[in-house]
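Visitor: generate a structure from the sequence data that follows.
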Amino acid sequence: MRGMTLVPRSIHARMLLVSAIATVLALVLAGAAMAGLLGRFVVEGLDRRLDAQVLLLASVVDADGRGEQQHL
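Guide: Modelled structure (predicted):
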């Protein structure tokens, strides 16, 4: 009786195993790249919105540091 091995004996099974490993690796790399890009776009969008809010608030504050609420 033969013992079980982790590496299949047939070429078909080995090719299937290699393709499954390559597919999983490609999905992991693509997911990491997409997460990095999406995170960067989200942070940049948030920075732009915060900058716009700061500019709006700074435009309604006078030299004494008092704000005019009717302009908000």
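Visitor: now do stretch 46-60: distance to the chain's middle.
Guide: 25 Å (CA atoms, centre = their mean, to the nearest Å).
Visitor: only alpha carbons, please: show that stretch as CSV.
Guide: Listed next in CSV are the C-alpha coordinates belonging to stretch 46-60 (Å, rounded to 0.1, in the frame of the first residue of the first chain):
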residue,chain,number,x,y,z
LEU,A,46,-11.1,63.2,2.6
ASP,A,47,-8.2,65.7,2.6
ARG,A,48,-9.8,67.7,-0.2
ARG,A,49,-13.1,67.9,1.7
LEU,A,50,-11.4,68.9,4.9
ASP,A,51,-9.4,71.6,3.2
ALA,A,52,-12.6,73.0,1.6
GLN,A,53,-14.3,73.1,5.0
VAL,A,54,-11.3,74.8,6.7
LEU,A,55,-11.2,77.4,3.9
LEU,A,56,-14.9,78.0,4.3
LEU,A,57,-14.6,78.4,8.1
ALA,A,58,-11.5,80.6,7.7
SER,A,59,-13.4,82.9,5.3
VAL,A,60,-16.1,83.7,7.8
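Visitor: what distance do you get for the spatially most central residue of the chain to Leu25?
Guide: Centroid-nearest residue in the chain: Ala35, 2.1 Å away (criterion: CA atoms, centre = their mean). Relative to Leu25, Ala35 is positioned 16 Å away (CB to CB, to the nearest Å). All C-beta spots, glycine's among them, are computed from the backbone N, C-alpha and C.
Visitor: check Ala52 too.
Guide: Distance of Ala52 to Leu25, computed by CB to CB: 41 Å.
Visitor: with Val54 instead?
Guide: From Val54 across to Leu25, the span is 44 Å (CB to CB).
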